[in-house]
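S.K.: Sequence plus the predicted model coming up.
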Amino acid sequence: ILTDSGGYQVMSLAELTKRSEEGVAFKSHLDGSRHLISPERSMEIQRLLGSDIVMAFDELVPTTSTREVQAAAMERSMRWAQRSREGFDAGGDHAERAALFGIQQGALDEGLRRESADALKHIGFDGYAVGGLAVGEGQEAMFGVLDYAPGQLDPAKPRYLMGVGKPDDIVGAVERGIDMFDCVLPTRSGRTGQAFTRGGPINIRNARFAEDQGPLDPACPCPVCGTWSRAYLHHLVRAGEILGAMLMTEHNLWFYQTLMADLRAAIGAGTLADFAATFRTNYYAERPAAAGVSKA
């Protein structure tokens, strides 16, 4: 189990929260009750959840914020990272078996991210996350940060990109040194009728699939592609049958797991650049190509 600390939710629910050095006070949208989430409380909650990978509590601000706001949030996040470390270490047996990851902040500013990375390495964590991305800045800006941010972190520890992402985001991030990802896209997209394929995403709701007897992805070995046609899946999704959402989600999860396995194999074989180039050629076959890689 990997659990987030609540930093993203603080930003997304900003109108319900009040931030201070102690933590984040918020009002429940359910009953109006008031609560305080501090670094220590975040560690306690994640311990009670039985998390295997615990994330430090951080303050996330939009990438469009002023540099002054970004710097203040990054500096507070580093103070909270120290408190998270201390709170985690006080967790007894849980601290012995779980891992604590620090979260690098600094928006799109290379200097702030360097300062954040140095502070995190000084505290010491089991792994490091590149935080504050995938919040609307776009792929080009995200890749611009990933051209340097992973290199600022300890190469001997896992490097985790939070909240990413689309298949082409993942391939580009792996080329730039990222090891781990999390994202709701495989399941959320599946529930709404979008499938990820080696030829790019498709919306199975579209009328052109109503009589298509082919599989979602001819190159996919998953049970869905081996059993049901695009036409049948189109019918299920358009009819609102829960089976449609289940099958689309199963395919997407299989696609993502296969993609990650293929990336690991390419890294092991020393053919990552060739794999990524072939992937992009196929994935963007009917769409404009996105940002390339500026460094491996």
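M.R.: Noted; the coordinates are in hand. Numbers count the residues shown, from 1 in each chain.
S.K.: domains of this structure?
M.R.: Domain ranges of the chain: 2-182, 184-296, per automatic domain parsing.
S.K.: Centre-most residue in the chain?
M.R.: Gly163 (2.2 Å; Cα atoms, centre = their mean).
S.K.: What separation do you get for that one and His251?
M.R.: 22 Å (Cβ to Cβ, to the nearest Å). Bear in mind the C-beta positions are built from the backbone N, C-alpha and C, glycine included.
S.K.: about what we covered before: enumerate every residue touching the residue nearest to the centre of the chain.
M.R.: Tyr8, Leu133, Ala134, Val135, Asp182, Cys183 (Cβ atoms under 8 Å, 6 or more residues apart in numbering).
S.K.: Could you check how far the second one is from Gln82?
M.R.: Look at Leu133 and Gln82: by Cβ to Cβ, they are 23 Å apart.
S.K.: neighbour count winner among these two?
M.R.: Neighbours were counted for Leu133 and for Gln82 using other Cβ atoms under 10 Å; Leu133 has more, 26 against 16.
S.K.: need the contact list for the closest residue in space to the more buried one that isn't next to it in sequence.
M.R.: Leaving aside its sequence neighbours, Leu133 sits nearest to Met142 (Cβ to Cβ, 6 or more residues apart in numbering; 5.0 Å). Listed by Cβ under 8 Å, 6+ apart, the contact set of Met142 reads Leu133, Ala134, Val164, Asp169.
S.K.: So for the first one, what pLDDT did the model give?
M.R.: Translated: Leu133. Listed pLDDT for Leu133 reads 93.
S.K.: Provide the count of other residues in contact range of Ser65.
M.R.: 13.
S.K.: Next up, the contacts around it.
M.R.: Ala73, Ala107 are the contacts of Ser65 under Cβ under 8 Å, 6+ apart.
S.K.: do the same with Tyr148
M.R.: Glu110, Arg113 are the contacts of Tyr148 under Cβ under 8 Å, 6+ apart.
S.K.: quick one: it from Ala107, how far?
M.R.: Taken as Cβ to Cβ, the span from Tyr148 to Ala107 is 13 Å.
S.K.: how far away is the closest residue in space to Glu137 that isn't next to it in sequence from Glu175?
M.R.: Of all residues not flanking Glu137 in the chain, Thr63 sits nearest, at 4.6 Å (Cβ to Cβ, 6+ apart). In this view, Thr63 and Glu175 are 22 Å apart by Cβ to Cβ.
S.K.: what about Val135, is that helix, strand or coil?
M.R.: Following DSSP: H, G, I helix; E, B strand; the rest coil, we place Val135 in the coil state.
S.K.: Strands of the stretch 101-250 of the chain, start to end?
M.R.: Using DSSP state E, counting those that start in this stretch, the strands of the stretch 101-250 of the chain run over residues 127-130, 159-161, 180-181, 194-195, 202-203.
S.K.: which stretch among these comes nearest Ile53?
M.R.: strand 127-130 (7.3 Å; Cβ to Cβ).
S.K.: which strands and helices sit next to that closest one?
M.R.: strand 99-104, strand 159-161 (3 or more Cβ pairs under 8 Å, 6 or more residues apart in numbering; DSSP states H and E).
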